[in-house]
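J.: I'll drop the sequence and a predicted model, then ask my questions.
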Amino acid sequence: MSPLIVIVASTQLSVLATINITAQPSQNIDECRKMGEAAIKAATATPGSSASYVCHDTTLQQGLSGALGVVTYQREDGGITILKGYMATLSDCKVAGMIAAGSKVVPGTTAWAWACYDLDSFGG
């Protein structure tokens, strides 16, 4: 598995309540930051757009298999929060994502999204 995974979440006001989530491997923190900043620059080129990224360190979870779950939500101020965690299987991740996105337990949010990624897809 690559040492880092850059996760980017972006939204555009013209597409109400839609958050796009992407994740891809990165070899080091500099590369991860460059990829994240470039993604934010591209995503926010249009007025009314918002984006955020996080560099997720996989080295603390070496030997894990299963899925990386990502839940994102957009706050009323337009900012995007990204939450992530590991699940034993993709099925578990999908169920947890639906529950998290459907629960809307964080007040003051305008949109929610979730995605699950097979850890094996980020390299061995």
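T.: Good, I have the coordinates. Quantities reported herein were computed from a predicted structural model and do not represent experimental measurements.

J.: going forward, measure contacts and count neighbours with C-alpha atoms only.
T.: Noted.

J.: Regarding residue 71, which helix or strand does it belong to?
T.: If you go by DSSP states H and E, residue 71 is part of strand 67-75.

J.: tell me which residues of that strand are tucked away?
T.: 67, 68, 69, 70, 71, 72, 73, 74, 75 (16 or more other Cα atoms under 10 Å).

J.: what's the answer for stretch 86-105, then?
T.: Those would be 86, 87, 89, 90, 93, 94, 96, 97, 100, 101, for stretch 86-105 by 16+ other Cα under 10 Å.

J.: Pick the one among those residues closest to residue 12.
T.: residue 101 (18.6 Å; Cα to Cα).

J.: mind listing what the closest one touches?
T.: Residues counted as contacts of residue 101 (Cα atoms under 8 Å, 6 or more residues apart in numbering) are 71, 112, 113, 114.

J.: Out of those, give me the one that has the most neighbours.
T.: residue 114 (24 neighbours; other Cα atoms under 10 Å).

J.: Provide a complete list of residue ranges assigned to strands in the protein.
T.: With DSSP state E as the definition, the chain shows strands at residue ranges 4-12, 19-26, 49-57, 67-75, 80-87, 109-118.

J.: Go through the ones you listed and name the closest to residue 40.
T.: Comparing these by Cα to Cα, strand 49-57 comes nearest, at 5.5 Å.

J.: ok now the lowest-mean-pLDDT helix or strand in the chain, how far from the chain's centre?
T.: In the chain, the helix or strand scored least confidently by mean pLDDT, DSSP states H and E is helix 90-103, which has a mean of 84. The gap between where helix 90-103 is centred and where its chain is centred comes out at 14 Å by Cα atoms, centre = their mean, to the nearest Å.

J.: tell me the angle that helix makes with strand 67-75.
T.: 10 degrees (axes from the mean of the first three to the mean of the last three Cα atoms, to 10 degrees).

J.: Just the angle for helix 90-103 relative to strand 109-118, thanks.
T.: Using the same axes, to 10 degrees, helix 90-103 lies at 180 degrees relative to strand 109-118.

J.: what bits of the protein have low per-residue confidence?
T.: 1, 13-17, 61-64, 104-105, 123-124 (pLDDT under 70).
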